[in-house]
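S.K.: I'd like to go over a predicted model; first the sequence, then the structure.
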Amino acid sequence: MNIGIVCYPTFGGSGVVATELGLELSRRGHVVHFITYSQPVRLELLSNHVHYHEVNVPEYPLFHYQPYELALSSKLVDMVKLHKIDVLHVHYAIPHAYAGYMAKKMLHEEGIEVPIVTTLHGTDITLVGSHPFYKQAVAFSINKSDAVTSVSQSLKDDTLRLFDITNEITVIPNFIDPAKSNHSFTDCQRDVMAEEHERIITHISNFRPVKRITDIIKVFYNIQKEIPAKLMMVGEGPEKEPAEMLCEKLGIADKVVFFGNSNEIDKILCFSDLFLLPSETESFGLAALEAMASGVPVISSNTGGIPEVNVHGVTGFLSDVGDIDDMVKNSLYILGDDDILETFKANAKKASNRFDLHQIVPHYEAVYEQALAKCISI
Ligand code: GMT
């Protein structure tokens with residue numbers, strides 16, 4: 001199949017999922033075309049099965065807002081025609097599903113039928129999409145897609161609750177490539193990051209308010225009072241600077257490393273003992289799953305789709321949003337004893353196998369087939 005993938009090319013989870021999916025589809029013999037405004041961060045190697053097409057939006061002084069949807073839908077039309085794309089898979093409803101639908105309609109005028117598969121990722125529904133300014137267009141785009149998938153049951157429930165949805169939504173969870181977290185490198189360089197006796201705690205995100213970065217610092221502050229520990233903060237975003245200031249204020253700045261964005265997540269997770277994800281809302285929590293795949297237990301909030309990934313008392317613990325005391329208690333339980341830590345690490349790794357991409361990606365292929373059949377029969 002020739003598959004066009006539209007996504008945000010940044011470090012966000014939706015872009016990561018779209019990129020890893022495209023790469024796996026190419027390994028399974030499909031030809032994949034990424035169509036977006038810059039090369040996706042995890043897309044390092046292009047080949048005759050993996051292509052990247054840039055969407056350009058020329059600046060024009062009349063436009064207060066540059067019309068990205070317009071440029072994207074035009075580019076989609078051109079790419080479908082040029083590369084004989086069979087199916088367009090758009091990740092993140094805003095504005096990709098809308099642009100996809102416009103492209104589909106334009107192609108229809110020329111006698112070309114291409115199905116649009118929309119994958120909902122979370123904030124496109126829970127935080128941004130349900131805002132009254134966008135709600136009508138988002139519901140319309142979901143209902144007009146030939147197939148819709150969501151990354152968790154929780155996100156599907158949220159979508160049905162927040163919008164007037166007439167279309168079917170198939171849950172296809174996010175996935176990991178076990179080969180990537182098998183750490184073929186034996187030296188994790190742990191000693192560069194911490195002393196032998198210190199536990200290493202990690203958080204990876206886009207540092208948006210929804211991640212409750214302050215909670216992470218507070219949880220860590222209380223942990224390090226009881227157990228020698230270091231905190232690795234990976235990512236960039238608006239809450240990073242306030243977090244750095246809080247660390248200074250609490251006198252723990254020398255125990256907290258702010259890495260910025262990194263393409264070496266596997267290496268950082270390789271030397272981590274615990275992952276913190278106390279988010280306000282989280283449709284899935286891909287970062288937590290990636291941690292688990294590296295054998296890192298997770299202390300998280302019990303919100304959204306996280307309980308579908310992190311199993312309470314097995315792969316880590318779940319607490320109510322903002323319950324810092326409970327998160328500290330659970331962290332100390334796991335970190336305070338070598339045997340308990342090893343058990344949770346092993347459990348986390350084992351549980352991540354449920355999300356092996358070799359089992360998940362065929363579900364996307366099935367959805368493409370169904371969408372194609374539906375599109376042809378209309
Ligand atoms: O977490 C973010 O804010 C980024 C966001 C995105 O769209 O890239 O992540 C969402 O999609 C990820 C991949 O499906 C999910 O793992 C995240 O849970 C989800 N984030 C939220 O729901 C807040």
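M.R.: Noted; the coordinates are in hand.

S.K.: touching the ligand at all, the helix ranked longest in the chain?
M.R.: Counting residues, the longest helix found in the chain (DSSP state H) is helix 357-377. No. Helix 357-377 does not reach the ligand (Cβ under 6 Å from any ligand atom); its nearest approach is 12.1 Å. For every residue, glycine as well, the C-beta is placed using N, CA and C.

S.K.: residues in contact with that helix?
M.R.: 1, 3, 20-21, 24-25, 28, 86-87, 89, 113-117, 146-147, 149, 170, 172-177 (Cβ atoms under 8 Å, 6 or more residues apart in numbering).

S.K.: Can you say which of those residues are buried?
M.R.: Those of the contacts of helix 357-377 that meet the buried threshold are 3, 20-21, 24-25, 86-87, 89, 114-117, 146-147, 149, 170, 172-177, by 16 or more other Cβ atoms under 10 Å.

S.K.: CA atoms only: put whichever strand or helix holds residue 343 into CSV for me.
M.R.: Element membership for residue 343, per DSSP states H and E: helix 338-352. Coordinates of each C-alpha in helix 338-352 appear next as CSV, following Å, rounded to 0.1, in the frame of the first residue of the first chain:
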residue,chain,number,x,y,z
ASP,A,338,16.5,-3.4,46.2
ASP,A,339,14.4,-6.6,45.8
ILE,A,340,11.1,-4.7,45.5
LEU,A,341,12.7,-2.3,43.0
GLU,A,342,13.9,-5.3,40.9
THR,A,343,10.4,-6.9,41.0
PHE,A,344,8.7,-3.7,39.8
LYS,A,345,11.3,-3.3,37.1
ALA,A,346,10.8,-6.8,35.8
ASN,A,347,7.0,-6.4,36.0
ALA,A,348,7.1,-3.1,34.1
LYS,A,349,9.2,-4.6,31.3
LYS,A,350,7.0,-7.7,31.1
ALA,A,351,3.7,-5.7,31.0
SER,A,352,5.0,-3.5,28.2
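
S.K.: quick one: it to chain centroid distance?
M.R.: Offset of helix 338-352 from its chain centre (Cα atoms, centre = their mean, to the nearest Å): 23 Å.

S.K.: looking at the protein, which helix or strand is least sure?
M.R.: Ranked by mean pLDDT, DSSP states H and E, the weakest helix or strand in the chain is helix 190-193, scoring a mean of 83.

S.K.: Roughly how far does residue 275 sit from the ligand?
M.R.: Per Cβ to the nearest ligand atom, to the nearest Å, residue 275 is found 13 Å from the ligand.

S.K.: Do I have it right that residue 351 meets residue 312?
M.R.: No. Using Cβ atoms under 8 Å, residue 351 is not in contact with residue 312; the gap is 11.5 Å.

S.K.: between the two, which one's more packed in?
M.R.: More crowded of residue 351 and residue 312, by other Cβ atoms under 10 Å: residue 351, with 20 against 13.

S.K.: Show the pLDDT at that one.
M.R.: Reported pLDDT at residue 351 in the predicted model: 98.

S.K.: got a list of what it touches?
M.R.: For residue 351, the contact set (Cβ under 8 Å, 6+ apart) comprises 292, 311, 314, 315.

S.K.: ok, of these, which come out buried?
M.R.: Among the contacts of residue 351, those scoring as buried are 292, 311, 315 (criterion: 16+ other Cβ under 10 Å).

S.K.: For the ligand, tell me whether the helix holding residue 343 is touching it.
M.R.: No. Using Cβ under 6 Å from any ligand atom, helix 338-352 stays clear of the ligand, with a minimum separation of 13.7 Å.

S.K.: Same question for that helix: list its buried residues.
M.R.: Of all the residues in helix 338-352, those buried under the rule 16+ other Cβ under 10 Å are 341, 344, 345, 347, 348, 349, 351, 352.

S.K.: low pLDDT regions in the stretch 101-250 of the chain?
M.R.: Residues of the stretch 101-250 of the chain meeting the criterion pLDDT under 70: 183-187.

S.K.: Report the closest residue of it relative to the ligand.
M.R.: residue 122 (2.5 Å; Cβ to the nearest ligand atom).

S.K.: That residue is in contact with residue 154, isn't it?
M.R.: No. Using Cβ under 8 Å, residue 122 is not in contact with residue 154, being 9.3 Å away.

S.K.: Who has more neighbours out of these two?
M.R.: residue 122 (29 against 22).

S.K.: Number of residues surrounding residue 111?
M.R.: Burial of residue 111 is recorded as 6 neighbouring residues (other Cβ under 10 Å).

S.K.: related to what we said a few turns ago, now go through the contacts of residue 351 and say which are in helices.
M.R.: Per DSSP H, the contacts of residue 351 map to helices at residue 292.

S.K.: Okay, residue 240 and residue 213: tell me how far apart.
M.R.: For residue 240, the distance to residue 213 (Cβ to Cβ, to the nearest Å) stands at 7 Å.

S.K.: do the same with residue 93
M.R.: 26 Å.

S.K.: what about the strand or helix carrying residue 24, distance to the chain center?
M.R.: Element membership of residue 24, judged by DSSP H and E, is helix 13-27. Using Cα atoms, centre = their mean, the mean C-alpha position of helix 13-27 is found 11 Å from that of the whole chain.

S.K.: Repeat that for stretch 109-124.
M.R.: On Cα atoms, centre = their mean, the centre of stretch 109-124 falls 19 Å from that of its chain.

S.K.: What of stretch 10-19?
M.R.: Distance of stretch 10-19 from the chain centroid (Cα atoms, centre = their mean) equals 5 Å.

S.K.: From the rest of the structure, what touches it?
M.R.: In contact with stretch 10-19 (Cβ under 8 Å, 6+ apart) are residues 5-9, 34, 40-43, 89, 91-92, 119, 121-122, 124, 151, 174-175, 206, 235-236, 261, 284, 286-287.
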